[in-house]
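Asker: turn this into a structure:
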Amino acid sequence: MNEPDSRARAKPGTLYLLPVPLGATRSPLADLPPATVEAVRGIDCFIVEQAKSARAVLGRLPLARPLQELELLELDGNTPADRLPTMLAPLLAGRDAALLSEAGCPAVADPGAALVALAHRAGVRVVPLIGPSALLLALMASGMSGQSFAFAGYLPVDAAQRQARIRALETRARREGQTQLFIETPYRNQSLLAALLETLAGDTLLGVASELTLPDEAVRVAAVEAWRTAPPALPRAPAMFLIGPPPGAAPAISAARAPARRRR
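Answerer: Modelled structure (predicted):
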């Protein structure tokens, strides 16, 4: 009698979602709790956006294996969909693997989301780990509504389309009391700010949070009319932009409706 193929009997490994620092100069040990570090200590297969920057992060973690023995599979915005199964193959063979973004949380504004979706369809266990999230840090620091918010990703580059999108986000923020968050390629931060100041109503709240967790971290939230008096020069660095309704205009959560304990 033939022995069954051991590969067919292998239990799938676990896909860990490993957050990384928001800046290249920051040590991952400054942001990741011990439990997160321990969860990936023995992993030797990593799915990353860029191998070079991933090595810079992984080389500063106390991994069980030397950096040169790690298997790094690149998954970026240009990776064709038909290559995703090859990246899932180590997991289906029983190996654990970790997914890294270039910064912050993997699968959030990140091409790794496609791999996570495929892992679920294949019955692979997915475990999100604790670490820095620019989106949540900016929301926390803004003072805008954390009860209702939406992340819009990148706005259009075309000026007319971008203006229309800004107006649509402002309308939703004012109608629903919902904070709108979005990002831009760092070298276009200044042009996006100019478009926001030109398009938004003067009493709409605008927030910009740049270089979060880093030495030059800056968070400013004010009415658009206040921004217009002295528009700042934004750094060519990762930044989060937020739009909110004028103070007092957002629906309030009454004490009677708010639960005694909330998970967030």
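Asker: check the burial of residue 136 by counting its neighbours.
Answerer: The number of residues packed near residue 136 is 18, by other CB atoms under 10 Å. Just so you know, the C-beta spots here come from the backbone N, C-alpha and C atoms, and that holds for glycine as well.
Asker: and the one 4 residues further on, by the same measure?
Answerer: The local packing of residue 140 (other CB under 10 Å) involves 14 other residues.
Asker: which helix or strand contains it?
Answerer: Assigned by DSSP states H and E, residue 140 belongs to helix 134-142.
Asker: got the CA coordinates for that helix in PDB?
Answerer: C-alpha atoms of helix 134-142 as PDB (Å, rounded to 0.1, in the frame of the first residue of the first chain):
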ATOM      1  CA  ALA A 134      -0.900  55.800  11.300                       C
ATOM      2  CA  LEU A 135      -4.700  55.900  10.700                       C
ATOM      3  CA  LEU A 136      -5.600  55.200  14.300                       C
ATOM      4  CA  LEU A 137      -2.900  57.400  15.700                       C
ATOM      5  CA  ALA A 138      -4.000  60.300  13.600                       C
ATOM      6  CA  LEU A 139      -7.700  59.800  14.500                       C
ATOM      7  CA  MET A 140      -6.800  59.600  18.200                       C
ATOM      8  CA  ALA A 141      -4.800  62.800  18.100                       C
ATOM      9  CA  SER A 142      -7.400  64.800  16.000                       C
END
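Asker: buried residues in it?
Answerer: Using 16 or more other CB atoms under 10 Å as the test for burial, helix 134-142 gives 134-139, 141-142.
Asker: let's have those residues in TSV, adding pLDDT.
Answerer: Below are those laid out as TSV (pLDDT from 0 to 100):
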residue	pLDDT
134	95
135	95
136	96
137	97
138	97
139	97
141	97
142	97
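Asker: circling back to that earlier point, mind listing residues that contact the helix holding residue 140?
Answerer: Contacts to helix 134-142, defined as CB atoms under 8 Å, 6 or more residues apart in numbering, come from residues 22, 103-105, 108-109, 146, 149, 151, 179, 181, 183, 207, 209, 212-213, 219, 221, 238, 240, 242, 244.
Asker: give the residue spans of the protein that score low on pLDDT.
Answerer: For the chain, the stretches flagged by pLDDT under 70 are 1-9, 250-264.
Asker: can you pull out the strands in it?
Answerer: 14-18, 45-48, 71-74, 97-100, 125-128, 149-154, 179-183, 205-210, 218-223, 239-244 (DSSP state E).
Asker: in its sheet, what does the first one sit against?
Answerer: For strand 14-18, sheet partners with direction are given as strand 97-100 (parallel), strand 125-128 (parallel), following DSSP bridges.
Asker: isn't residue 76 up against residue 50?
Answerer: Yes. Taking contacts as CB atoms under 8 Å, residue 76 lies within contact range of residue 50: 7.1 Å.
Asker: which residues touch residue 101?
Answerer: Contacts of residue 101 were listed using CB under 8 Å, 6+ apart, and they are 19-20, 49, 107-108, 110, 112.
Asker: hmm, 7 Å instead?
Answerer: Counting by CB atoms under 7 Å, 6 or more residues apart in numbering, residue 101 makes contact with 20, 49, 110, 112.
Asker: what about those residues, which one has the most neighbours?
Answerer: residue 20 leads these on contacts (other CB under 10 Å) with 27 neighbours.
Asker: for it, which non-adjacent residue is closest in space?
Answerer: residue 57 (4.9 Å; CB to CB, 6 or more residues apart in numbering).
Asker: now do residue 204
Answerer: With CB to CB, 6+ apart, the residue lying closest to residue 204 is residue 224, at 5.2 Å.
Asker: wait, the one you found touches residue 208, no?
Answerer: No. Counting by CB atoms under 7 Å, residue 224 does not reach residue 208; the two are 11.6 Å apart.
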